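sequence unknown, structure follows:
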């Protein structure tokens, strides 16, 4: 197999602010894997707060791994374990893993979802509105909904200014979205303590919120049982779950898990997380970070496995450097063609 790399700068249409800070764009790494004349494409969207925080560091990590380990097996499951044992970051390996699955599907002449034995079926995605001033929310929400035709909004809360600011933000979004008939969800990104989370969940339930994601910080996982007992809304965790082995410890105090390909290391571990979550009777969600349509296509290929979908980062790029997927009635839809369906176009 031959590996090649390309780093591309991605600019967000709107900066995304969450409880931990704001991002305006990123440089992502695109990895191509060629075997017998067929090429698979993957993507890493590094997290600036992680140990491997840049596209350049992801590329160096992958190149060092390839030099040390020798040829990579075409079996993504075996390759994922070798990479995990070698200590590769999830962001770096996600790019390789996605490329391997794309390559296998292209070699088989099948869409990735068919290679995995899945139907082309999915629930509509949420689109995200970050923490912004009230007047900005009132302007931005109608534009986003009119442009995308989305059927759900995910509202970022956990404002460092406190829950009064969160309430004002939610009300502004709800009012601005009222004529569109969309569902509302909330992601606090670990921005609340237990007291605030309980109060906000009761308050949000009265205003039609569907669920709350990551209400508490990761270092407050031990407080989840107290929040879970008597909860007003379903609780999904995101940052608290990285790989499948993290699921059992929280299975009795959450309603569901949100996996991300960048966070878990690609399609291979995503399949394991879904299986583990289902075995524990939990709901499933797939989210995203700062990916283009390349990694979003890989995630959307798994769409039939999820109760909730939050694959919208490509919709906030100006421009998206890749193409191939479409938004149909709010559903991120991959083409019925070999591979995950996305290609680099600029």
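In hand now; what should we look at? None of these values were measured; they are calculated from a predicted model. Numbering: from 1, shown residues only.

when you work out contacts or count neighbours from here on, use the C-alpha atoms and nothing else.
OK.

buried set for the helix or strand encompassing residue 147?
Secondary-structure element containing residue 147, defined by DSSP states H and E: helix 134-148. For helix 134-148, the neighbour count (16 or more other CA atoms under 10 Å) marks 134, 137-138, 140-142, 144-145 as buried.

show me what secondary structure element comes after it.
Past helix 134-148, further along toward the C-terminus, the next helix or strand under DSSP H and E is strand 152-156.

paired strands for that following strand, with orientation please.
strand 126-129 (parallel), strand 183-187 (parallel) (DSSP bridges).

any chance of CSV for these, columns distance to residue 218, mean pLDDT and mean neighbour count?
Formatted as CSV, the entries for these read as follows, by distance: least, CA to CA, whole Å; pLDDT from 0 to 100; neighbours: other CA atoms under 10 Å:
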stretch, distance to residue 218, mean pLDDT, mean neighbour count
strand 126-129, 21, 98, 24
strand 183-187, 14, 98, 22
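
any idea which element residue 84 lies in?
For residue 84, the host element (DSSP H and E) is helix 76-85.

sorry, back to before: how about the strands paired with strand 152-156, which one is nearest residue 10?
Taking CA to CA as the measure, the strands paired with strand 152-156 were each checked against residue 10, and strand 126-129 came out nearest at 17.4 Å.

report the mean per-residue pLDDT for stretch 81-98.
The average pLDDT for stretch 81-98 rounds to 96.

can you check stretch 24-35 too?
Stretch 24-35 carries an average pLDDT of 97.

and that stretch, what's buried?
Under the neighbour-count rule (16+ other CA under 10 Å), stretch 24-35 has 25-34 buried.

tell me the one of the residues you listed nearest residue 161?
The nearest one, if we look at those relative to residue 161 and count by CA to CA, is residue 25, at 24.2 Å.

for the helix holding residue 84, give me every contacting residue.
Judged by CA atoms under 8 Å, 6 or more residues apart in numbering, the contacts made with helix 76-85 from elsewhere in the structure are 65, 72-73, 93, 97, 100-101, 265, 268-269.

need those residues in CSV with secondary structure, can you?
Below are the contacts of helix 76-85 laid out as CSV (DSSP: H, G, I helix; E, B strand; the rest coil):
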residue, secondary structure
65, helix
72, coil
73, coil
93, helix
97, helix
100, helix
101, helix
265, coil
268, helix
269, helix
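
any idea which of the strands paired with strand 152-156 gets closest to residue 302?
Residue 302 lies closest to strand 126-129 among the strands paired with strand 152-156, at 15.9 Å (CA to CA).

figure out how far the helix holding residue 84 is from the centre of its chain.
Here helix 76-85 shows a centroid-to-chain-centroid distance of 21 Å under the convention CA atoms, centre = their mean, to the nearest Å.

how about low-confidence regions in the chain?
Residues of the chain meeting the criterion pLDDT under 70: 49-51.

can you pull out the helices in it?
55-69, 76-85, 90-108, 112-115, 134-148, 163-177, 194-205, 224-228, 247-250, 261-264, 267-279, 293-300 (DSSP state H).

looking at those helices, which is buried most?
Compared across those, helix 293-300 shows the largest average neighbour count, a mean of 29 (mean count of other CA atoms under 10 Å).

tell me the helices and strands packed up against it.
In terms of contacts (3 or more CA pairs under 8 Å, 6 or more residues apart in numbering; DSSP states H and E), helix 293-300 is packed against strand 38-44, strand 322-323.
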